[in-house]
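> Give the three-dimensional model of this entry:
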Amino acid sequence: MAGHSKWAKVKTFKGAIDAKRGKIFAKLAKEIAIAAKLGGADPDMNPRLRMCLFKCRGANMPNENIERAIKKGTGGGETGSFEDLTYEVYGPHGVALLVELSTDNRNRTAAEIRSIMTKNGGSIATAGAVARLFERKGQMIIAREGVNEDQVMEAALEAGAEDFKAEPEGFEILTDPGHFEAVHKQIEAKGVKCASAEITYLPTLLVPVDAAAAPAVHRLIEQLEDHDDVKELYSNADFTPAA
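This next block holds a predicted model:
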């Protein structure tokens with residue numbers, strides 16, 4: 001997640017180079033195994049696993065990888081004992097980051113994350129200082145090609161969506177987290193596939209990042225995202241087109 005642009009995120013996720021795709025698959029497999037271990041193998045009864053499978057579809061993760069990860073989580077392999085953590089971080093140039101992790105060793109992970117931040121101009125924020133700059137939302141991104149705007153908007157709003165935004169690249173649907181699944185099911189019932197569908201954190205205040213400041217911000221984000229324990233990273237960086 002190299003900035004707030006939802007379209008850039010979708011394109012990056014879809015077009016990851018092979019090395020990056022392997023890293024994405026490994027992280028998704030880990031999260032699937034944890035989710036299956038905690039809530040079982042049935043996605044209809046396991047919301048965390050359902051969210052993982054949405055991400056897997058967006059990343060074009062092979063079904064055999066998904067099935068192997070579910071079996072690992074439900075007894076076909078050792079997953080260890082994991083806990084979820086969230087770091088609130090200030091990055092270079094006033095950028096705020098929320099970093100979600102799953103770790104089987106809190107002390108090791110804390111030391112490694114702090115090392116990354118120290119080397120790249122980041123620091124831990126006081127509790128709530130960064131979280132207040134984001135809001136939890138359900139978000140669906142739909143490519144414009146072959147989609148009837150009026151039909152999708154009507155279906156989304158009838159199912160309980162909070163907002164529908166039409167943009168040159170396509171459409172964004174926002175919901176409160178509790179209505180996410182109802183809206184998503186209604187959209188897919190119309191034969192419309194989402195390029196991205198997730199419960200996420202959206203920034204309420206964007207921080208402009210120009211071309212001069214961008215390298216430092218990108219470097220911190222990329223190194224945090226590359227850490228094995230990091231599941232998701234949310235940023236309020238608003239990169240200029242040249243950045």
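> The residue nearest to L206 when sequence neighbours are not counted and R136: what is the separation?
Spatial nearest neighbour of L206, chain neighbours left out: D238 (3.9 Å); criterion: CB to CB, 6 or more residues apart in numbering. (Glycine included, C-beta is placed from N, CA and C.) Between D238 and R136 the distance is 20 Å, computed by CB to CB, to the nearest Å.
> Pretty sure F54 sits against E198.
Yes. Counting by CB atoms under 8 Å, F54 touches E198, with 6.0 Å between them.
> pLDDT (mean, whole number) over the longest strand anywhere in the chain?
Ranked by residue count, the top strand of the chain under DSSP state E comes out as strand 134-143. What strand 134-143 shows for mean pLDDT is 94.
> in that strand, what's buried?
134, 137-143 (16 or more other CB atoms under 10 Å).
> Just send these back as CSV, with distance to H184 too.
Output for the buried residues of strand 134-143, formatted as CSV (distance: CB to CB, whole Å):
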residue, distance to H184
F134, 21
K137, 13
G138, 7
Q139, 10
M140, 6
I141, 12
I142, 11
A143, 16
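> Closest one of these to E225?
F134 (17.0 Å; CB to CB).
> who touches the nearest residue to K37 once chain neighbours are set aside in this structure?
Closest residue to K37 apart from its sequence neighbours, by CB to CB, 6+ apart: G73 at 4.1 Å. By CB atoms under 8 Å, 6 or more residues apart in numbering, the contact list for G73 reads 32-37, 41, 79.
> Closest one of those to N65?
I32 (8.7 Å).
> I'd guess that closest one is in a helix, am I close?
Yes. Remark: I32 belongs to a helix, assigned using DSSP: H, G, I helix; E, B strand; the rest coil.
> Skip the chain neighbours and tell me the closest residue to it.
For I32, the closest residue by CB to CB, 6+ apart turns out to be A69, at 3.8 Å.
> For A26, see how far away that neighbour is.
Following CB to CB, the distance that separates A69 from A26 is 10 Å.
> What of G191?
32 Å.
> quick one: secondary structure of the residue lying farthest from the centre of the chain?
Distance from the centre of the chain peaks at D150, with 27.5 Å (CA atoms, centre = their mean). Under three-state DSSP, the three-state class of D150 is helix.
> residues contacting it?
Contacts of D150 (CB under 8 Å, 6+ apart): none.
> hey, where'd the strands end up in the protein?
83-90, 96-103, 123-124, 134-143, 163-167, 170-175, 196-203, 207-209, 230-235, 237-239.
> what mean pLDDT would you report for the third one?
Read it as strand 123-124. 95.
> For that strand, what is the distance to the chain centroid?
On the basis of CA atoms, centre = their mean, to the nearest Å, strand 123-124 sits 21 Å off its chain's mean C-alpha point.
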